[in-house]
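Asker: Here is the input, now give the coordinates:
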Amino acid sequence: MDKYFVGMRVEVVGHEEGFWNSYFGAIVLRVDRTKLRVRYEELIDENEEYIEEDVAMKHVRPYPPESREVNYRMNVGDDVDVYDREGWWRGEVVFVYDGELMVYFHYMAGDDTEDYGTFPLDRIRIHQEVKEVAKGFAWSHVKVTG
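Answerer: Model (predicted):
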């Protein structure tokens, strides 16, 4: 079974300065031996066209499944992804408000963004890690708190 295929929804993992621990949704347009041609779902160029680029497979992962923990209550210390600036940015919950979370973003220092932000729950998902297995991919939640 091919792990990636044309039309598959994936996330491109940020690997350049200013984009570490970020994930951008994309659709696979072409599969080569070591890279994929993708079209981003949200990122557009100066002509207002969706950006396409070749990405090394090591910088791509399948789009994560919806969390099965629908009623999970996020707590201080939980590892989360926040939807902001056309992508998902990994961070850690540092304060819980009524309906919002304050999140510290890992590895974002050095660019012109803040390290902390407060976001509504509908822009936050539990961070998940993926690993390749014989029949595709296996996902696991990253939860610091119990």
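
Asker: Can you give me the buried ones in the helix or strand harbouring residue 88?
Answerer: Counting by DSSP states H and E, the element that carries residue 88 is strand 87-96. The neighbour-count check on strand 87-96 (16 or more other Cβ atoms under 10 Å) flags 87, 88, 89, 90, 91, 92, 93 as buried. Placement of C-beta: from N, CA and C, glycine included.

Asker: tell me the secondary structure for the residue lying farthest from the centre of the chain?
Answerer: Most distant from the centre of the chain: residue 47, at 25.2 Å, with distances by Cα atoms, centre = their mean. Three-state assignment for residue 47 (DSSP: H, G, I helix; E, B strand; the rest coil): coil.

Asker: Identify the bridge partners of the residue nearest the centre of the chain.
Answerer: Geometric centre of the chain, nearest residue: residue 23, 3.1 Å, by Cα atoms, centre = their mean. Applying DSSP bridges to residue 23 gives these bridge partners: residue 13, residue 88.

Asker: is it true that it touches residue 88?
Answerer: Yes. Using Cβ atoms under 8 Å, residue 23 is in contact with residue 88, at 4.3 Å.

Asker: shared neighbours, these two?
Answerer: Common neighbours of residue 23 and residue 88, counting by Cβ atoms under 8 Å, 6 or more residues apart in numbering, are 11, 81.

Asker: Any buried residues in the host helix or strand of residue 42, and which?
Answerer: For residue 42, the host element (DSSP H and E) is strand 35-44. Buried residues in strand 35-44, counted by 16+ other Cβ under 10 Å: 35, 36, 37, 38, 40, 41, 43.

Asker: Tell me which helix or strand comes right after that strand.
Answerer: According to DSSP H and E, the helix or strand after strand 35-44 is strand 50-56.

Asker: Give me the contacts around that following strand.
Answerer: Here strand 50-56 makes contact (Cβ under 8 Å, 6+ apart) with 12, 26, 29, 32, 34-41, 43-45.
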